[in-house]
Every structure is written in structure tokens, then in C-alpha cells.
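[1] Let's see this in three dimensions:
(chains A and B)
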There are 2 protein chains.
Amino acid sequence: MRLSNRILEGDKRAAARLMTLVENNDPCAKDELKKLYQHTGKAHVIGITGPPGTGKSTLVDKLALEYRKKGKSVGIIAVDPTSPFTGGAFLGDRIRMSDVAMDPDVFIRSMGTRQKLGGLAKGTNDFIRILDAYGKDIILVETVGAGQSEVDIVKTAHTTIIVEIPGMGDDIQAVKAGILEIGDIFVVNKADREGVERVVRELQTMLEMSHPHDCEDCWKPPIIKTMARDGDGIGDVASQTVEHMDFLRKTGRFEEEMKKRARTEFLEIVRESLSEYLLDKMLDQGELDELVSKILAREIDPYTASEGLLARLEK
Amino acid sequence: MRLSNRILEGDKRAAARLMTLVENNDPCAKDELKKLYQHTGKAHVIGITGPPGTGKSTLVDKLALEYRKKGKSVGIIAVDPTSPFTGGAFLGDRIRMSDVAMDPDVFIRSMGTRQKLGGLAKGTNDFIRILDAYGKDIILVETVGAGQSEVDIVKTAHTTIIVEIPGMGDDIQAVKAGILEIGDIFVVNKADREGVERVVRELQTMLEMSHPHDCEDCWKPPIIKTMARDGDGIGDVASQTVEHMDFLRKTGRFEEEMKKRARTEFLEIVRESLSEYLLDKMLDQGELDELVSKILAREIDPYTASEGLLARLEK
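    I've put the predicted structure just below:
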């Protein structure tokens, strides 16, 4: 039986296998993803990001536990774009520390990070689709750090949780300005540490500045204090994710946003295959070699050379 | 006078201005880069990367000082892909700590990291071209961390220096396996720390494993102990970069590699402009909306929809 069918029947190993194919850029993966596509769009995808050392993994684990208590099945995708070389070791640690790894209704997978730049976001998206078709109600996507790649990954989520902790110094203040735009829920973890109220207050001030108008159908990101290790505040975070999804659906934002994303993804796919196809037809190897030689000799710059090709097409 | 002409005449502010245009994706930047292209290809581009906290900035600074002593002009590009939100603050710190910032023949610039994924490597490449045309003999590209984006950035360099320090624990062991392939020179900084010999030995063993054959025209990456803060070992690092460039030129590797890169860059530019052009011609807004609706309704998957468009083109 093909992988996609096995996944739809709930075969965990088939899901893991297809993820490996995706990671290896195996051409077979695309056919399976095509078959799965019509069975996707049901899961609530939640992104969790923030600086290293804020306890994201623990938070994700406790959140998973919380959703399980409510009878939801959970998938966890842990992405570490800052270390392309850690590979399997990362997942090992991740699972060792986990409360939910032994739960058959929780699927944990790390995203292999030997992917090309850009491929990481695409790969994460494919992983989400697989878990979605496989039937997970909640998919938690955890990324380490708060860099651009994480921001891109988080954009595949419906709800984004930003994790901060007290006492990270001034650097974090600068970070906050940028992440305000992408955060739907703010968590101040390790709330037993000194300075927690200051972090909450600062976040509040910054959020007020960035959401100055009191509009009725605007989402006002809550700020939640947690001590993830002890489970404190986790229930609150979980219910806020549910509220956020309700908000998205009620206001029509969900539909709007999904439409925008489907359009972007489709155009990207078309662009990619179109250019591969045409490049093949338009440019024979001899001509390509000649152009590259001229570029190397600085007789022409690559932009002008490309424009020359395009002009030919227009005729 | 246009920016490119001013840059060629050695106008520092014009170079900085064009970099800002590149960062802002200003359409004017391309024209200026085109004009500069024929004046590039002269600088020696040296990438410096490694985990955070290894003292890369200090090393870069002392290296710049060393090249200046030898009468070379130097450009420094500091890229921090892990923090898209730090912006100007990073450069401020960078310059405050610098020995060479006040030297008029040293140009320091941080790479604004609000760039899109992938755009960071392209932006760095453009910055390098600007400094190259501006007349810098040596261009040092410093990236924080050792993630995939850094690897991509480092690929724009001719010579890559990997910085390690003693006492970073087991995590770094895993990292090493991946960076062996991209390192031309290995620096063990903070060499007064305990465990320095162990790091050197481990690097040696791993390098021997990855370079098993004693081939005559292979580059054997040197491992150099430094105490960058005191300048210890810096002269050695600088002369190894010169030796590496001599090696590349003597063996024909330089030409070969530049050819490969020019080809890749050119094809990327063609792909990008080609697909924009065609998408515009092939797909009217109404049809696009209709396809996106079908994709959203899960009546068709985006890959199959894209293949349908392509099939039409083949007729």
C-alpha cells in the first residue's frame, strides 16, 4: 500500500517515513503529498518561538500534556535552524526530556536541518501537512532562537506564541520590538525569577504602542506568566490558543489568511516549475557556457545577460 | 554624478549609500551594481564563522590590523542572521570595540538582517561586490553562529576560517563534523584556556578522517592557536589566508570555483526574472483566483494545479 494511504489509516511509521523522504528531497515525496493534500486543513497549527534558554521545549511538552488531557491528539515538530549539524542528537535530547514522548497519541519529530536555506520553511510546511492528514488535532512547531528563519517558519502557524524570560538584559528589549508583530500570545516563562513584573510591564507598554486603537475586532495578545517546569500557567496558555482560533474564525481572518497563504504557495510552485522548464528549452549548454565565460571575463554583468535572454523571449 | 562612479572614485559615503539601497531592496541598486560589475573580482574575500562567544569580532579586528600593516585596504561586513531585530545596535557595539574603526582605509558595515531568508546571502554578495569595486584588497565577512545561513554566506568567500574555543562541551563536537567540509583554516581562539590541546587534537583527527588521502594538490587546512585579544597567532592566520589564495590560483581551483559560482548566480537571476515575466503573461487574475479557491476547497492540490498550467504551455 502506498505511504499516503497508510498515513490516512493512522500508520505512524508511514508518517515518519514520508517525513524522511521530504527531508531527503526524494522525488517520491511530492506524489504522496499530493494525495494527502485533500485531507489537510483540519489541524490547529501553533508556533512557539523565542530566544534560546527560555524553556520553549518544556513549555511545548507541558502544552502537549494539557491538550492530551482534553482528548486532543498532538504532533510536535522541533526545528533548530541555528545548528544544521546537530541532526539526530537534538531529537534524542528532546525525547529524553519529554513527558509525552511515550504517549502513542503524541508524535514528536525534529526537523533535519541540513536543508537548504528556504527549504527549512518549506520542509516544515510539508511536515505539518503530513501530521494534519495523519489526523493530529494540534500541531506544535517549536523553533529555537528568534531569527529570520524562525519568523518564516512561524508564518506557517495559525497561532504564534512568543516566549520570554526575565533577566535577559537589554538585547531582548531590541528583539521585542520586532516580534510584537508576529506574536499572538506572549508567555513570560520562569516567572519565579526576579524581574518578571518588569518584563510583563515592558511587553504591555510595547503592545499598547503597537496596537494603539481600541478596535473591536482586533486581537489583543495576552501576556501570560508561566513556570513551565511545574505546569503553572500552562492551562491558561492552552485556553488562549483556543480563544485565538475562535477569534480568527469568527472574524473571517482565518479564511482570509488561508487564502493569502494558498495563493503565495501556489505562485511559488508555479514559478519554480515554470522556470526549470523554460530554462531547459531556451538555453542550450553551449550558449550558457559562453555567457558564463563573458560574465567571468567581466565583459557583461549577469543582470544584463539575463535581460538579453528575456528580450529574445518577448519577440 | 551617479553612485557607481562616485564609488569607483573612492567615495566612501557613496559605497555606504549603495549598501543601504541594497538593504532596502531599492530598484535603483541593480543599475548601480551592473555598472560596478566589471570592476569587481579583485578582492580576496575571507569568511569567518563559528559558534557565538568564540571571539570572532576580535579576531576579525586584529586580522584587519594585520592586513593594514602590510599595506592592504580592508572591508569588514558583519552579518548576524540569528537576530533580525538588533539592527543598528549591533554595529554600534561592533565599532566601539574596534581597533580599526577609525582607520580611513578600513570600511566596517553590518548587514541589516531584516532581509528575507535567502536575501541575506544575496545581500552579502552585493555588499562584497560594492567593497570590491570600491577597491578594498581584503574583504572580511564575519557571521555569528554556525547555522545554515552562515554556511551559505561563507560560500561567497574564497577562504573560510572556522573559529573554535576550548571548553564548549559536547555540542561542539557534533558541529565540527559538519563544518570540516567548509573550513580552509581552523582557529582555536582563547588558547590560554584549559583544554586547548584537546580541541586541536580532535580537530586534527577529524580533519585526517575527512582528508584521508595524501594527495599533492589538496589543501590541508591548518589549525592555528590564537589569543586574538593579545594579537597572538594573528600573523599566522593572515599568512595562511595568503597561502590559501596562492594554492587556489596555482592549482586552477580559483578559476574553476569562480566559474561554477558565476554559472549558479546567472541561472538564479534568469530563473527569477523569467518566472516573473511569464507568470504575468500566462495567468490572469480571474483564473488565479479560481485556482486558489479550488486549492482552498481541497478540490485540487497546488502541485497538480501547477502541472496543469505547464501542460498548457507545452502545447
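[2] Give me the contact list for the helix or strand containing A:Glu287.
    Element membership for A:Glu287 (DSSP states H and E) is helix A:285-296. By CB atoms under 8 Å, 6 or more residues apart in numbering or on different chains, the surrounding residues in contact with helix A:285-296 are A:300-302, A:305, B:258-259, B:262-263, B:266-267. (Glycine included, C-beta is placed from N, CA and C.)
[3] all strands for the stretch 201-315 of chain A, in order.
    Here the stretch 201-315 of chain A has its strands, by DSSP state E, counting those that start in this stretch, at A:223-225.
[4] any low-confidence regions in chain A?
    A:80-97, A:112-120, A:144-153, A:168-179, A:210-216, A:314-315 (pLDDT under 70).
[5] Just give me the neighbour total for A:Arg229.
    By other CB atoms under 10 Å in any protein chain shown, 14 other residues sit near A:Arg229.
[6] actually A:Leu180, not the one I typed
    18.
[7] and the gap between it and B:Glu181?
    39 Å (CB to CB, to the nearest Å).
[8] Okay, buried residues for stretch A:4-14 please.
    A:4, A:6-8, A:14 (16 or more other CB atoms under 10 Å in any protein chain shown).
[9] Kindly check the end-to-end length of it for me.
    Criterion CA to CA, to the nearest Å; first-to-last residue distance in stretch A:4-14 is 8 Å.
[10] is it up against chain B anywhere?
    No: on the criterion CB under 8 Å from any CB of the partner chain, stretch A:4-14 is out of touch with chain B, staying 11.3 Å away.
[11] follow-up on the earlier one: the contacts of helix A:285-296, buried ones only, as a PyMOL selection?
    Buried residues among those (16+ other CB under 10 Å), as a PyMOL selection:
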select buried, (chain A and resi 300+301+302+305) or (chain B and resi 258+262+263+266+267)
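[12] which stretches of the stretch 51-200 of chain A form helices?
    Assigned by DSSP state H, counting those that start in this stretch, the helices in the stretch 51-200 of chain A fall at A:56-69, A:88-96, A:119-134, A:148-154, A:170-179, A:196-210.
[13] can you list contacts of the first one?
    Right, the one you point to is helix A:56-69. In contact with helix A:56-69 (CB under 8 Å, 6+ apart) are residues A:46, A:48-50, A:74, A:76, A:78, A:94, A:97-100, A:103, A:105-106, A:137-138, A:140, A:142, A:144, A:161, A:163, A:187, A:189, A:226, A:228-229, A:231, A:234-235, A:237-238.
[14] from those, which would you call buried?
    Neighbour counting by 16+ other CB under 10 Å classes A:46, A:48-50, A:74, A:76, A:78, A:94, A:98, A:100, A:105-106, A:137-138, A:140, A:142, A:144, A:161, A:163, A:187, A:189, A:226, A:228, A:231, A:234-235, A:237-238 among those as buried.
[15] Tell me which of those fall in strands.
    A:46, A:48-49, A:74, A:76, A:78, A:106, A:138, A:140, A:142, A:161, A:163, A:187 (DSSP state E).
[16] Closest to chain B out of those?
    Of all these, A:Thr49 has the smallest distance to chain B: 11.9 Å, by CB to the nearest CB.
[17] Tell me where the longest helix sits in chain A.
    Ranked by residue count and defined by DSSP state H, the top helix of chain A is helix A:253-282.
[18] Buried residues, it. List them.
    A:258, A:262-263, A:265-267, A:269-271, A:273-275, A:277-279.
[19] which secondary structure elements does that helix contact?
    helix A:234-250, helix A:302-314, helix B:253-282, helix B:285-296, helix B:302-314 (3 or more CB pairs under 8 Å, 6 or more residues apart in numbering or on different chains; DSSP states H and E).
[20] Cool, thanks, signing off.
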